[in-house]
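S.K.: Need a 3D model of the following:
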Amino acid sequence: MVFPVDAKKLLKAFHNSKKESKILKKAIKKAHTRTEEQSLENYTEIVNDHRQFINNPPLMVRVTDVPKSNALSEKVQVLRSDLEKPGLSMSAVLK
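M.R.: Predicted coordinates:
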């Protein structure tokens with residue numbers, strides 16, 4: 001899960017502690033160097049010429065690997081059938 005953070009406000013909150021401020025500045029600098037492409041490389045793999053998410057239970061599990069008896073499996077089937085309807089976007093399905 002990702003939470004947006006205002007770096008300036010965070011630095012201001014830790015302005016009294018040199019050690020924590022230094023650590024925070026280093027983390028902010030590192031965060032600015034990260035890109036979506038790096039995330040793509042870290043969390044996906046190419047299988048049969050297609051990119052797919054790497055299975056990493058319990059954090060990330062491919063929909064195809066969800067047990068059929070699981071209640072979530074039923075919801076996944078509904079979402080799949082909704083996504084197959086012409087002209088339906090993902091945002092409409094998730095509402």
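
S.K.: Leu24 - how many residues pack around it?
M.R.: Leu24: 17 surrounding residues under other CB atoms under 10 Å. In this view, the C-beta of every residue, glycine as well, is placed from N, C-alpha and C.

S.K.: quick one: it and Val5, what's the gap?
M.R.: Going from Leu24 to Val5 by CB to CB, to the nearest Å gives 10 Å.

S.K.: Specify the local secondary structure of the most far-flung residue of the chain relative to its centre.
M.R.: Here the chain reaches farthest from its C-alpha mean at Asn16, the gap being 33.2 Å by CA atoms, centre = their mean. Recorded secondary structure, Asn16: coil (DSSP: H, G, I helix; E, B strand; the rest coil).

S.K.: got the contact list for it?
M.R.: Residues near Asn16 by CB atoms under 8 Å, 6 or more residues apart in numbering: none.

S.K.: next one: the one 5 residues further on
M.R.: For Ser21, the contact set (CB under 8 Å, 6+ apart) comprises 11, 14-15.

S.K.: That one: helix or strand, and which one exactly?
M.R.: Per DSSP states H and E: Ser21 is located in helix 18-33.

S.K.: what does Glu45 give?
M.R.: Glu45 belongs to strand 44-47 when elements are defined using DSSP H and E.

S.K.: Could you list every helix and strand in contact with the helix or strand following that strand?
M.R.: Sequence-wise, the next helix or strand downstream of strand 44-47 (DSSP H and E) is strand 50-53. With contacts taken as 3 or more CB pairs under 8 Å, 6 or more residues apart in numbering; DSSP states H and E, strand 50-53 sits against strand 44-47.

S.K.: Fine, thanks again, bye for now.
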